[in-house]
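> sequence unknown, structure follows:
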């Protein structure tokens, strides 16, 4: 990956592609690449949907190789949801294919002069940019069917649905999986709206005749990769739990811990959790001839995804993730797995973040537009978004905007982005991450559930403030580094618990790059990425006062523990003091 592809959508003669050496960005990948380019090239005070914002799509450092679990991709920009820097991470085939095409990043910049919609095709022969208004307002599923009919089923696609075209702040960027379905999404932060503002509907990637990326030291790389895979398979979470029950294995665990946000964060336990748990979900999928265990990209060995069929045995969606099951399930009081799967399918088709939309529907349920537990009402509300009605455009702008419109006080957002599926009163380490991450409320930025709930990488009492700052700080640093590699974040369970697996990861990266990487080097990489991001946010107007949870988390005790968020503001201000 020795070049960057820049696509200027606003050039005088029409959209124009150009290639350049990586230059100052050499050695970067994934989140490291997206955040470096955004921090250096995007004016922090620009309008997120204007010509000066840029959408950066970057594979990880190891993507395109045979390294296990290396197929994650990063999408970065100034977020229309938070107003700050954003990196949104996704699986799917895009990262592996883009890396094999030799690109360290695609940078969409400028803005077309009219509302013409474009498709971009990238293959070994170069780049073509073609106007195609026949794609307008297609959902992701119909869009990909049309692309496959034209280009065959060996390509990978990066696309937006109707939400991205309408520039809604909850819009996602979709990546096709190994079955050519648009099921993997860079969901958070409204990155799909920025792609829509650039007039790009789909990027088609074809790596036919392109070689797999080779390591500098093939033998050392092969041995390290083998040891790394063995470590993942012997860990109970990555070797058994996630493959057997998907990420939704957490529903029963988090509900039992009293940390499952229910009815718009009113309580920490949901009576219907057993009906939508990972165990129940797997039983339903198996009984209908679905697929319980599959990877979302080549090289995945954890294989936590799957295929969810409807009652007639026909494909409906991929296995709904834990965050989706919570957002459209317990948060909205819905315990119907089929309804949640339908909402997941609709989110993927329209191109919407499932977390943001579930949180938003929870807010309007509290406002009285629908009753908690009414699955049909939730589906109808989501249809409004896809249709672009006035109500739909409000909902598609996210939970913060929706809460303001309907006068709701309990709106679970930080920096304008909705909280995920762990109540910070019952998992206080997650509260620290939500409050302080550069990304707006984001569980993946520093997944303190590891030590707070699962006992992975140590144990920190989830109900007490002690130890949470250090836990979140260390996890945020490590996560930023992992997001730069292309590795799936789920490797964290094994590398936190198993020193030999962590060393195998270091050896694999070292053998691939030809430069020795140490644990200190990982920390330095994570710190550099976070420093770039925090610098951008500071120039965009963010202060320490933005690193706070909504007041209701401090004032409203959460059942069943009757806990409030107890980490002090002055302690939150110490997270990035390393």
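All right, it came through fine. On a predicted model such as this, the values are computed, not experimentally measured, just so you know. Numbering: from 1, shown residues only.
> all contacts plus neighbour counts: C-alpha atoms, from now on.
Noted.
> Please, where are all the helices along the stretch 401-550 of the chain?
Here the stretch 401-550 of the chain has its helices, by DSSP state H, counting those that start in this stretch, at 428-436, 449, 468-485, 492-497, 499-513, 519-539.
> Tell me which of those sits most buried.
Stretch with highest mean neighbour count among these: helix 428-436 (a mean of 31; mean count of other CA atoms under 10 Å).
> any idea which helix or strand comes after that helix?
helix 449 (DSSP states H and E).
> Just the residues contacting that following helix, thanks.
When contacts are defined by CA atoms under 8 Å, 6 or more residues apart in numbering, helix 449 is touched by residues 427, 429, 430.
> about what we covered before: so for residue 76, which of the helices of the stretch 401-550 of the chain sits nearest?
helix 519-539 (10.9 Å; CA to CA).
> Tell me the buried residues in the very next helix or strand once past that closest one?
Once the chain leaves helix 519-539, the next helix or strand it forms, by DSSP H and E, is helix 552-555. Buried residues in helix 552-555, counted by 16 or more other CA atoms under 10 Å: 553, 554.
> Report the central residue of the chain.
Closest to where the C-alpha atoms of the chain average out (CA atoms, centre = their mean) is residue 89, at 4.0 Å.
> Would you agree that residue falls within a strand?
Yes: counting by DSSP: H, G, I helix; E, B strand; the rest coil, residue 89 is found in a strand.
> okay but it is in contact with residue 73, surely?
Yes: with contacts counted by CA atoms under 8 Å, residue 89 reaches residue 73, the gap being 5.7 Å.
> tell me, what's touching the two both at once?
Counting by CA under 8 Å, 6+ apart, nothing touches both residue 89 and residue 73.
> what's the spacing between residue 20 and residue 526?
26 Å (CA to CA, to the nearest Å).
> From residue 136, how far out is residue 322?
Noted for residue 322: a distance of 31 Å to residue 136, by CA to CA.
> do the same with residue 339
As judged by CA to CA, residue 339 and residue 136 stand 28 Å apart.
> And residue 178, by the same measure?
According to CA to CA, residue 178 stands 25 Å off from residue 136.
> on that earlier part again, now the contacts of helix 449 in TSV, with pLDDT and distance to residue 351?
Listed next are those as TSV, based on pLDDT from 0 to 100; distance: CA to CA, whole Å:
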residue	pLDDT	distance to residue 351
427	98	30
429	98	30
430	98	27
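> Kindly reformat the residues you listed as a markdown table containing distance to residue 218.
As requested, these are exported to a markdown table (distance: CA to CA, whole Å):
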| residue | distance to residue 218 |
| --- | --- |
| 427 | 43 |
| 429 | 40 |
| 430 | 39 |
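> tell me which of those residues is nearest to residue 82?
For the contacts of helix 449, the nearest to residue 82 is residue 430 (18.8 Å; CA to CA).
> any chance you could map the helices in the stretch 51-200 of the chain?
Along the stretch 51-200 of the chain, counting by DSSP H, counting those that start in this stretch, helices occupy 94-100, 140-151, 162-165, 191-197.
> can you redo these as JSON lines with distance to residue 378 and mean pLDDT?
Converted to JSON lines, these look like this (distance: least, CA to CA, whole Å; pLDDT from 0 to 100):
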{"stretch": "helix 94-100", "distance to residue 378": "31", "mean pLDDT": "97"}
{"stretch": "helix 140-151", "distance to residue 378": "20", "mean pLDDT": "98"}
{"stretch": "helix 162-165", "distance to residue 378": "17", "mean pLDDT": "98"}
{"stretch": "helix 191-197", "distance to residue 378": "22", "mean pLDDT": "98"}
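> out of the ones you listed, deepest packed?
Among these, highest average neighbours (mean count of other CA under 10 Å) belong to helix 191-197, with a mean of 31.
> same for that helix, what does it pack against?
Contacts defined by 3 or more CA pairs under 8 Å, 6 or more residues apart in numbering; DSSP states H and E place helix 191-197 against strand 55-59, strand 73-78, helix 162-165, strand 173-175.
> For residue 196, which of these is the nearest?
Nearest of the helices and strands packed on helix 191-197 to residue 196, taken as CA to CA: helix 162-165 at 4.7 Å.
> gap between the closest one and the chain center?
Centroid separation between helix 162-165 and its chain, computed with CA atoms, centre = their mean, to the nearest Å, is 18 Å.
> between the helices of the stretch 401-550 of the chain, which gets nearest to residue 290?
The closest of these to residue 290 is helix 492-497. By CA to CA, the value is 27.0 Å.
> low-scoring pLDDT stretches of this protein, where are they?
Scanning the chain for pLDDT under 70 picks out no residues.
> Strands of the stretch 251-400 of the chain, start to end?
291-294, 305-309, 315-318 (DSSP state E, counting those that start in this stretch).
> Partner strands of the longest one and their direction?
Going back to what we said before, that points to strand 305-309. strand 291-294 (antiparallel), strand 315-318 (antiparallel) (DSSP bridges).
> What residues sit buried inside the last one?
Within strand 315-318, the residues that count as buried by 16+ other CA under 10 Å are 316, 317, 318.
> surely the second one meets residue 305?
No: under the contact definition of CA under 8 Å, residue 317 does not touch residue 305, with a separation of 10.6 Å.
> Which one, of the helices of the stretch 51-200 of the chain, ends up nearest to residue 466?
When those are compared by CA to CA, helix 191-197 sits nearest residue 466, at 35.3 Å.
> hmm, back to that, could the helices of the stretch 401-550 of the chain be laid out in CSV, adding distance to residue 96?
Output for the helices of the stretch 401-550 of the chain, formatted as CSV (distance: least, CA to CA, whole Å):
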stretch, distance to residue 96
helix 428-436, 29
helix 449, 29
helix 468-485, 12
helix 492-497, 21
helix 499-513, 15
helix 519-539, 22
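> Could you list the domains of this protein?
3-205, 245-422 (automatic domain parsing).
> Indicate which one of those is closest to residue 509.
Closest among the domains of the chain, once you apply CA to CA, is domain 3-205, at 7.4 Å.
> Ends of the closest one, what's the gap?
Termini of domain 3-205 sit 16 Å apart (CA to CA).
> OK, contacts around residue 341?
By CA under 8 Å, 6+ apart, the contact set of residue 341 is 308, 316, 317, 319, 320.
> switch the cut-off to 10 Å
Neighbouring residues of residue 341 by CA atoms under 10 Å, 6 or more residues apart in numbering: 308-310, 316-321, 324-325, 328-329, 347.
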